[in-house]
Structures are given as structure tokens and as C-alpha cells.
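the amino acid sequence is not available; the structure is as follows:
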Ligand SMILES: Nc1ncnc2c1ncn2[C@@H]1O[C@H](COP(=O)(O)OP(=O)(O)OP(=O)(O)O)[C@@H](O)[C@H]1O
């Protein structure tokens, strides 16, 4: 059985401000070595949850345990969290005047210099930054600094790495690489990662488990493919896959039979082909996205979106046959 490393029970934290904000009654468990992504729209409580896990905020109720021991809050100890937990925030907390190597090595004790050197170099290699070891932090790009911050956080027997928006400073190309690096480093070192991201694609790619937050509450959790294909709420389907949502009347115009509620489907579930159950739509717009395109389709006033590989086949005002291959009633 996989060992559980973090347990969050009925955790609540409300900020004492005019607008209510915070998290309420959140419970979940994290297995050792897993990568967990906390996803949700802006203001849903992602950073608050991460800070509570690290012991940075005084909670109103509930608790977080690490290896069975309660994490103490800021009013209970001077240094928050636990020595085996490290948090990398968006400001990186690096010594900008020191070299990359020294930033990372500074986390280790001087008792065994050879071991210190070996461990530091190993971590620099894990993050693909060994060639930067003699550079000063001020000479690095944002993405490189982010890697140094992660290496620094991980070098000293870290069991749990908390990442707040780890890809905020990197461009799309580097982001893909850094995502893959974090996934690989987690698998190689067995470190448990809990990360917050505003981009659902990060969680879908990286995580073993997603936590979906809305208005401070945990709506759904589970493996990415499970949550994506079987969202419990319209919010989740919109957040993860920009789903199309139709009320029962509009759905019936497209031949989707739901008693009440909404028919929900992802644009890639719309097949552009002629079949016994396809219907005729007008192409209202074509959005070029590189290797694929998004079509805005309309039938009797009902608009839907469809994704397909870009073959340049469709133009505005064309007519197409489309079939919604699957949908959810939510
Ligand atoms: N220090 C604070 N004092 C008062 N309210 C706060 C504080 N920090 C956050 N909030 C409020 O609590 C709610 C949750 O904020 P939080 O930063 O946890 O959300 P988030 O999901 O991380 O948002 P984002 O993606 O925009 O960073 C928001 O309504 C926010 O305005």
C-alpha cells in the first residue's frame, strides 16, 4: 500500500476582511512520492491552502499532519512548517549576489565537504543547471532562477516540495521542459510535490492527483484523466477543458436529451463528419491555433465549439455536418 505523507483534515482559514476569502473545511490526503496539483480560478483559495499546509498561516479550524504529526502554525513556532518540507514561492528567495553553486550548497552543512559537493552537483544535474554553477543569480533568466530555487529547496533531504506557481516566470517552450523536469525529478528522488497553478494544463500534464478548488471549497479530487473525463461540476469542465455548456432547451435542439440541468462536452468531443446522427451547422468563425483549429458552429441559434487538427478545410460561412460523440449531464 502506498504510504500517506500529508493529511489535511477539515482545514478552514478565513481572512478577517470585508470580502469573505479563504478556504473552508478542506480534507484530503497525499501519498508519498505523488505530485499533487491544486487548481482553481483566481481567488479560489489555492495559495491560502498551500500556505496553510506549510504552516505559514494560523488556521481557524482543522489541521495538517506531516508523517502523522500536526504541522504547527506561525503562532506556535518561529520557523514555519517542518524541516523536511520546503516551499518555493514566486520571489525565489535566492541570494542574488552569490553563485548558483553556493546558493544550493548553502543549504547543506559543512561537516562533510565532499558529500556536500557531490550532493550539490547531483541536484544541479537533476535540474539541468550544472553549466550555470559559476554564474551569479543576477546573470540568470527568470526560468533559470526558478530552477535554482527548486534545486535549493530540494537539496537538503526534502520530502515535500511546495511550489507556488512554478511556471510563472518561464516562456511556453521552457515551461514544457521545466514541467517535464519536475515530473522526472519527483520520480527519481521520490520527493512529494504539491503545486499551485492557474494553468490547468500544468496539473493535467504533471500531476498524479488534482485538487479542484472553488470559492475556498474542495469540489473534486482524483487522477487527472478521471477528473477531466468525469467532472462532477460544470466549473471543473470549464476550468480543465473550456467545455461547452448548454441548457436543456438548447441541448434538445442539437438532439441531446437531458431531463434538466446542462449538457456539457469538450470541443474535442465534437466530430466533424457525416453520420446517421450528425447535424448541419454553419461555421461562424475559425480560430487558427497552429496545428489545430477551433471552429465556432451554430445551428438554430445554438452555438458550440469544435476542435480539430488543422487541415485548413473550413472557412467562415461554410456548412458542416457535426456529431457530439459524447456529453455529460451536469
Ligand atoms: N492576506 C489576505 N488578506 C485578506 N484576504 C486575502 C488575503 N490573501 C488572500 N485573500 C483572499 O482570499 C481569497 C483566496 O485567495 P488566494 O490567494 O488563496 O487565491 P488563489 O486561488 O491563490 O488566487 P490567484 O490564482 O489569483 O493567486 C481571495 O478572495 C483573496 O482576495
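Structure received. All of these numbers come straight from a predicted model, not from anything done at the bench. Numbering: from 1, shown residues only.

now the strands: where do they sit in the stretch 1-150 of the chain?
Along the stretch 1-150 of the chain, the segments classed as strands by DSSP state E, counting those that start in this stretch run 4-14, 22-31, 35-40, 61-66, 69-70, 85-88.

any idea of the angle the third one forms with strand 22-31?
Between strand 35-40 and strand 22-31, the angle comes out at 160 degrees (axes from the mean of the first three to the mean of the last three C-alpha atoms, to 10 degrees).

between strand 4-14 and strand 35-40, find me the angle.
Per the same axes, to 10 degrees, the angle that strand 35-40 makes with strand 4-14 is 20 degrees.

and strand 35-40, what does it pack onto?
helix 46-54, helix 172-189, strand 192-197, helix 200-206, strand 209-214, helix 234-241 (3 or more C-beta pairs under 8 Å, 6 or more residues apart in numbering; DSSP states H and E). (Glycine included, C-beta is placed from N, CA and C.)

which part of this protein gets nearest to the ligand, residue-wise?
residue 21 (2.6 Å; C-beta to the nearest ligand atom).

mind pulling up the pLDDT for that residue?
Among the per-residue scores, residue 21 shows a pLDDT of 89.

so what's it closest to, chain neighbours aside?
residue 15 (4.9 Å; C-beta to C-beta, 6 or more residues apart in numbering).

follow-up on the earlier one: I'd like the strands of the stretch 1-150 of the chain laid out as CSV, including distance to residue 106.
Below are those laid out as CSV (distance: least, C-beta to C-beta, whole Å):
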stretch, distance to residue 106
strand 4-14, 26
strand 22-31, 28
strand 35-40, 26
strand 61-66, 24
strand 69-70, 27
strand 85-88, 13
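
surely residue 316 meets residue 283?
Yes. Using C-beta atoms under 8 Å, residue 316 is in contact with residue 283, at 5.8 Å.

neighbour count: the two, which is higher?
residue 283 (19 against 11; other C-beta atoms under 10 Å).

do you know how far the residue lying farthest from the centre of the chain is from residue 255?
The C-alpha centroid of the chain is most remote from residue 276, which lies 39.4 Å away (C-alpha atoms, centre = their mean). For residue 276, the distance to residue 255 (C-beta to C-beta, to the nearest Å) stands at 11 Å.

repeat for residue 249
Distance, residue 249 to residue 255, using C-beta to C-beta: 13 Å.

out of those two, which sits in the more crowded spot?
A count of neighbours by other C-beta under 10 Å puts residue 255 above the other of residue 249 and residue 255, at 12 against 8.

can you tell me the closest non-neighbouring residue to residue 55?
Ranked by C-beta to C-beta, 6+ apart and with sequence neighbours excluded, the top spatial neighbour of residue 55 is residue 80, at 4.1 Å.

can I assume the one you found is in contact with residue 66?
No. Judged on C-beta under 8 Å, residue 80 makes no contact with residue 66 at a distance of 11.9 Å.

which of those two has more neighbours?
More crowded of residue 80 and residue 66, by other C-beta under 10 Å: residue 66, with 21 against 17.

now that one, which residues is it bridged with?
Residue 66 has the following beta-bridge partners by DSSP bridges: residue 6, residue 69.

doesn't residue 192 make contact with it?
No. Look at residue 66 against residue 192 with C-beta under 8 Å: they stay out of range, at 9.8 Å.

before we move on, back to that, helix, strand or coil for the residue farthest from the centre of the chain?
In three-state terms, and counting by DSSP: H, G, I helix; E, B strand; the rest coil, residue 276 is coil.

any idea of the pLDDT on it?
In this prediction, residue 276 carries a pLDDT score of 86.
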